[in-house]
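Engineer: just coords:
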């Protein structure tokens, strides 16, 4: 996977987070591996499957774990972050 691929993922998710009122993890040590995993899955499988979830191999079933996955909104609402610690609820300062 290329740096360009990782940056594309970062840009797309940054825009998504802004749209939804979330923020990307500010800790680059936690953020970088998730972005690399998403870029690698995009390259290998043709979709940005969540690197923190296990693919079944069935593209129809696995659509639910394409980032942002179907679980992230509820997780952020309940825990302040998604499972991957990629997206966070904006702090209300």
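Structural biologist: Cool, the structure landed. Predicted model only: the values in this text are computed from it and were never measured.
Engineer: show me where the protein dips below the pLDDT cut-off.
Structural biologist: 1, 92-93 (pLDDT under 70).
Engineer: how about the helices in it?
Structural biologist: 3-20, 28-45, 59-62, 72-79 (DSSP state H).
Engineer: and those helices: which comes nearest residue 85?
Structural biologist: helix 28-45 (5.4 Å; C-beta to C-beta). In this view, the C-beta of every residue, glycine as well, is placed from N, C-alpha and C.
Engineer: buried residues in that closest one?
Structural biologist: 31, 34-42 (16 or more other C-beta atoms under 10 Å).
Engineer: and which of those residues is nearest residue 64?
Structural biologist: Among the buried residues of helix 28-45, and counting by C-beta to C-beta, the member closest to residue 64 is residue 41, at 14.1 Å.
Engineer: just give me the residue right at the centre of the chain.
Structural biologist: residue 67 (4.7 Å; C-alpha atoms, centre = their mean).
Engineer: isn't that residue up against residue 38?
Structural biologist: Yes - if you go by C-beta atoms under 8 Å, residue 67 and residue 38 touch, sitting 5.5 Å apart.
Engineer: what touches both of these two?
Structural biologist: 13, 48-50 (C-beta atoms under 8 Å, 6 or more residues apart in numbering).
Engineer: farthest pair in those?
Structural biologist: So, the shared contacts of residue 67 and residue 38 by C-beta to C-beta: farthest apart are 13 and 49, at 13.8 Å.
Engineer: leaving out chain neighbours, which residue sits closest to residue 52?
Structural biologist: residue 84 (4.2 Å; C-beta to C-beta, 6 or more residues apart in numbering).
Engineer: burial count for that neighbour?
Structural biologist: 24 (other C-beta atoms under 10 Å).
Engineer: kind regards, and thank you for your time.
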